[in-house]
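[1] quick one: sequence plus predicted model below, questions after.
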Amino acid sequence: MITLVLGSGLLATVVLSTLISLLVDFDEGFWPAWINLAFTFWLVASAIAWFVFVDRSALPKPAVNPEQTVEQNWRTRAQAGVYRDLITILGLGCVTVSLVSLIAGQMPAWPVPLVFAGLILAALLDYMIRYQLIKRAES
């Protein structure tokens, strides 16, 4: 199966790279352009060949509902936890900034993009840790 997919992807790549290299006048010449196009197109053509030649029923034990897997359940639960954490952190952050600005009489001079980058990093780390904990607990 893999041989068929990669071979047909390679055949499509050779044909497409040759046609484009002959039709378009590249500055570097025929062979460098052909090699560049071949490396660029081979995996894409193989992926398209996979969708054309491989039927889901040909795979061993196909999932009845592939969108409802155990991993999807783990991801959903981890994402829900991260969402709750972000809402909590953002709410407490807004309250803290408001209180600090009231007490100090001026707004904090933090760089806003750096604060948002930190929140995104915290959310990604939180998701990664939650996913691994849920995965270990249920497997």
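    Yep, it's here. Residues are numbered from 1 along each chain as shown.
[2] nearest residue to the middle of this protein?
    Nearest residue to the geometric centre of the chain (C-alpha atoms, centre = their mean): residue 124, 13.0 Å.
[3] now do the buried residues in the helix or strand that contains it.
    Taking DSSP states H and E as the criterion, residue 124 maps to helix 112-138. Within helix 112-138, the residues that count as buried by 16 or more other C-beta atoms under 10 Å are 123, 126, 127, 130, 131, 134. Heads up, the C-betas are built off the backbone N, CA and C, glycines and all.
[4] contacts only, for the residue nearest to the centre of the chain.
    Under the criterion of C-beta atoms under 8 Å, 6 or more residues apart in numbering, residue 124 has no contact partners.
[5] quick one: residue 130 from residue 81, how far?
    Between residue 130 and residue 81 the computed distance is 5 Å (C-beta to C-beta, to the nearest Å).
[6] ok, and the closest non-adjacent residue to residue 75?
    The shortest distance from residue 75 to any residue other than its chain neighbours is 6.6 Å, reached at residue 131 (C-beta to C-beta, 6 or more residues apart in numbering).
[7] low-confidence ranges in this structure?
    Along the chain, the parts satisfying pLDDT under 70 run over 55-59, 62-63, 66.
[8] quick one: buried residues of the lengthiest helix in it?
    Longest helix of the chain, by residue count under DSSP state H: helix 70-104. Using 16+ other C-beta under 10 Å as the test for burial, helix 70-104 gives 74, 75, 78, 81, 82.
[9] orientation of that helix relative to helix 112-138 in degrees?
    140 degrees (axes from the mean of the first three to the mean of the last three C-alpha atoms, to 10 degrees).
[10] re the thing from before, who's in contact with the residue nearest to residue 75?
    If you count contacts by C-beta under 8 Å, 6+ apart, then residue 131 has 74, 75, 78 around it.
[11] which of these sits closest to residue 8?
    residue 75 (33.0 Å; C-beta to C-beta).
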